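# sharing a model prediction with you, sequence too.
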Amino acid sequence: MRELFDDILSMSDVHGVMLFSVEGKLLFKEFNTPLIEEPETRNWWPIFIDSLSGAREVDLVFERSRLYVRRIEKGYLMLVLGALAPMAMLRLNCDLLVPSLRQVRLTKGLRQLFRKGR
Amino acid sequence: MIRNVMIVDDDKEMLLSLKEGLERHFDTFRIVTADDGLTAVDKLKEDSISLVVSDLKMPRMDGFSLLAHIMEHYPDIPVIIITGYGTPEMESLAREGGAVGYIAKPFMIEDLARKIVTALRKESEGGTLHSVSSGMFLQLIEMEQKTCTIRLVDKKTGKQGVLFFHKGELFDARVGSLQGEAAAYQVFSWDDVTLSIQNDCPQRQKRIHTELQTILLDSTRLKDEAASEEEPVSPSKSSESLEKVTQVAESDKASFIGTIRRKLEMEIGEKRGFDAIYEDSSWDGLVAEAERVGGFFHAGNLKLMYMDRGESRDLIVLPGRKTTVISVNNRCPRDRVVEVVSDHMSATNGGEP
């Protein structure tokens, strides 16, 4: 799974990537720098994913960083970015990545989670 | 109206004696002091100064540099130069630089007072009108192709503005340190003004390229929006907010919307692709969730959200006391639009009053 995100994670000002199921379960995460707190400690991710109301793409611009959320077939991909991340290039990379995520061989656990999202 | 006259001199004794000597004219003008050019530049931003009296030789920023700064940014403010090292060449340089008066030290304080009063009277040589709506009057100026400088005072907030006309054409506007179109929009949003006319125009540089009619119509529309959408804001609160956001964003939401609209028009032009800007509380839930996620990543305050919902229109959601939504064509230059709106939100501390 990690290798799918190699191109994105190697781009400038990309801090990490998170993959959520449709219900907002965290399926995968990879960060270039360790987080102060692990995302699993928070139980409100499903509420956040639900509030996106099925949007195709959401770009959240904050004072110091950005979050780029992209709908994929079975959930949402979220990129954690710095303020200077090359957005157009990242969107293009996500366009290329989305078909690969469709074909990815899921582990048993991930398969069960994705199935719930159907 | 009592005007503010700023005296700039690094000689503290001179400054004090001028201040004391000119105080007898308190019914015409009030004295503000600065001990060098840089301090004067700061005070010009903060105070409504009607005239500057400046020494030439000063540390940090001398009188010639200050004169050039005033001519560039505050061309309506007359400058009188005083100097202890006067030569005909210096006088000539000062006059060429735009000074309206030149006095060599030592001089009689009353001579300076006369020059100040004469220069201030020039501001209203073409007449003064009270309690007028600026729109109709300014159209008259345009029709008569007048060259003049019009000073306006908004009776509601006490804010002062200046409009520069060359042969009926609106060349420039100024409110505080704000210049050009943005200042013109602010002036035209004032309903009840007192205005005075000076029969010449010191501004030679054309900073406004939009037709007067267009600006007037747009300001009228913004005023109508403000009247229908806004909750009342006290004049004092409004005035304070204007200062805080460098006079660009009005303290009300309708003006905030208008400012964003104009910003997009100016920065992106016809390709901006937006078709509506409105308040919409239905996005409050998403805004709250986004802010929570941002807090987890220590991302700072949320400036905006760009949403592509797979429809022909994308949405830019702006958080604030009331959530504002900009609906844009999905073929708009997305990153540029986001950049412009994001910069605007930063510049106005989130855009909210």
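Received, thanks. These figures come from a predicted structure and were not determined experimentally. Residues are numbered from 1 along each chain as shown, chains lettered A, B, ... in the order given.

# which stretches in the chain count as helices?
Since no chain was named, I'll use chain A. A:6-9, A:45-51, A:87-103, A:108-116 (DSSP state H).

# to clarify, I was referring to chain B.
Using DSSP H, helices in chain B cover B:12-22, B:37-46, B:63-73, B:88-96, B:109-122, B:134-143, B:181-188, B:212-229, B:235-244, B:253-268, B:284-296, B:334-347.

# and those, which is most packed in?
Sort the helices of chain B by mean neighbour count, taking mean count of other C-beta atoms under 10 Å in any protein chain shown, and helix B:181-188 sits at the top with a mean of 24. C-beta here means a position set from N, CA and C on the backbone, and glycine is covered the same way.

# please name every helix or strand in contact with that helix.
Packed against helix B:181-188, as judged by 3 or more C-beta pairs under 8 Å, 6 or more residues apart in numbering or on different chains; DSSP states H and E, are the following elements: helix B:134-143, strand B:160-166, strand B:169-175, helix B:212-229, helix B:253-268.

# and the residue of chain B closest to chain A?
Nearest residue of chain B to chain A: B:Gly300, at 2.9 Å (C-beta to the nearest C-beta).

# same list (the helices and strands packed on helix B:181-188) but as a markdown table, adding mean pLDDT.
What follows is those, written out as a markdown table (pLDDT from 0 to 100):
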| stretch | mean pLDDT |
| --- | --- |
| helix B:134-143 | 68 |
| strand B:160-166 | 89 |
| strand B:169-175 | 89 |
| helix B:212-229 | 71 |
| helix B:253-268 | 74 |
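
# as CSV, these with distance to chain A would be great.
Output for the helices and strands packed on helix B:181-188, formatted as CSV (distance: least, C-beta to the nearest C-beta, whole Å):
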stretch, distance to chain A
helix B:134-143, 38
strand B:160-166, 33
strand B:169-175, 28
helix B:212-229, 25
helix B:253-268, 15
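
# which one of these lies closest to B:Phe29?
In terms of C-beta to C-beta, the element of the helices and strands packed on helix B:181-188 nearest to B:Phe29 is strand B:160-166, at 14.4 Å.

# residues contacting B:Ile70?
B:Leu44, B:Val52, B:Ile77, B:Val79, B:Gly98 (C-beta atoms under 8 Å, 6 or more residues apart in numbering or on different chains).

# could you pull up the mean pLDDT of stretch A:100-115?
Stretch A:100-115 shows a mean pLDDT of 60.

# near the residue lying closest to A:Phe62 once chain neighbours are set aside, how many other residues are there?
Using C-beta to C-beta, 6 or more residues apart in numbering or on different chains and skipping the chain neighbours, the partner closest in space to A:Phe62 is B:Ala299 (3.6 Å). B:Ala299 is flanked by 24 other residues according to other C-beta atoms under 10 Å in any protein chain shown.

# OK, contacts around B:Ala299?
For B:Ala299, counting by C-beta under 8 Å, 6+ apart, the contacting residues are A:Phe62, A:Glu63, A:Arg64, A:Ser65, A:Arg66, A:Leu67.

# could you report the pLDDT at the fifth one?
You'll see A:Arg66 listed with a pLDDT of 96.

# residues touching the residue of chain A at minimum distance from chain B, list them.
Closest approach between chain A and chain B, counting by C-beta to the nearest C-beta: A:Glu63, at 2.9 Å. Shown in contact with A:Glu63 (C-beta under 8 Å, 6+ apart): B:Ala299, B:Gly300, B:Asn301, B:Lys303, B:Ser346.

# I'd like those residues written out as TSV, with distance to B:Val117 and pLDDT added.
Formatted as TSV, the contacts of A:Glu63 follow (distance: C-beta to C-beta, whole Å; pLDDT from 0 to 100):
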residue	distance to B:Val117	pLDDT
B:Ala299	58	92
B:Gly300	53	91
B:Asn301	51	92
B:Lys303	50	94
B:Ser346	45	80
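
# looking at these, which is nearest B:Tyr185?
B:Ser346 (20.7 Å).

# which residue packs closest to that closest one, ignoring adjacent ones?
B:Lys303 (6.7 Å).

# how many neighbours does the one you found have?
For B:Lys303, using other C-beta under 10 Å, the count is 24.

# ok, now which ones touch it?
A:Val61, A:Phe62, A:Glu63, B:Leu318, B:Pro319, B:Val341, B:Ser342, B:Met345, B:Ser346, B:Gly350.

# do that again at 7 Å, thanks
A:Val61, A:Phe62, A:Glu63, B:Ser342, B:Met345, B:Ser346 (C-beta atoms under 7 Å, 6 or more residues apart in numbering or on different chains).

# can I get the residues you listed in JSON lines with distance to A:Arg42?
Shown next, in JSON lines, are the contacts of B:Lys303 (distance: C-beta to C-beta, whole Å):
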{"residue": "A:Val61", "distance to A:Arg42": "21"}
{"residue": "A:Phe62", "distance to A:Arg42": "17"}
{"residue": "A:Glu63", "distance to A:Arg42": "21"}
{"residue": "B:Ser342", "distance to A:Arg42": "26"}
{"residue": "B:Met345", "distance to A:Arg42": "26"}
{"residue": "B:Ser346", "distance to A:Arg42": "28"}
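
# identify, from these, the entry nearest to B:Ser281.
B:Met345 (18.4 Å).

# right, and that closest one touches B:Met305 too?
No: using C-beta atoms under 7 Å, B:Met345 makes no contact with B:Met305, being 11.3 Å away.

# out of the helices and strands packed on helix B:181-188, which gets nearest to B:Cys201?
Smallest distance to B:Cys201 across those (C-beta to C-beta): 5.0 Å, for strand B:160-166.

# show me what that closest one is packed against.
For strand B:160-166, the elements it packs on are strand B:148-154, strand B:169-175, helix B:181-188, judged by 3 or more C-beta pairs under 7 Å, 6 or more residues apart in numbering or on different chains; DSSP states H and E.

# if we use 10 Å, what do you get?
helix B:134-143, strand B:148-154, strand B:169-175, strand B:178-179, helix B:181-188, strand B:193-198 (3 or more C-beta pairs under 10 Å, 6 or more residues apart in numbering or on different chains; DSSP states H and E).

# and the fifth one, how far out from the chain's middle?
For helix B:181-188, the distance between its averaged C-alpha position and the chain's averaged C-alpha position is 8 Å (C-alpha atoms, centre = their mean, to the nearest Å).

# relative to helix B:253-268, how tilted is it?
In terms of direction (axes from the mean of the first three to the mean of the last three C-alpha atoms, to 10 degrees), helix B:181-188 departs from helix B:253-268 by 150 degrees.

# next one: the third one
Taking the same axes, to 10 degrees, one finds strand B:169-175 and helix B:253-268 inclined to each other by 120 degrees.

# pull up the pairing partners for strand B:169-175, direction included.
Here strand B:169-175 has these sheet partners by DSSP bridges: strand B:160-166 (antiparallel), strand B:178-179 (antiparallel).
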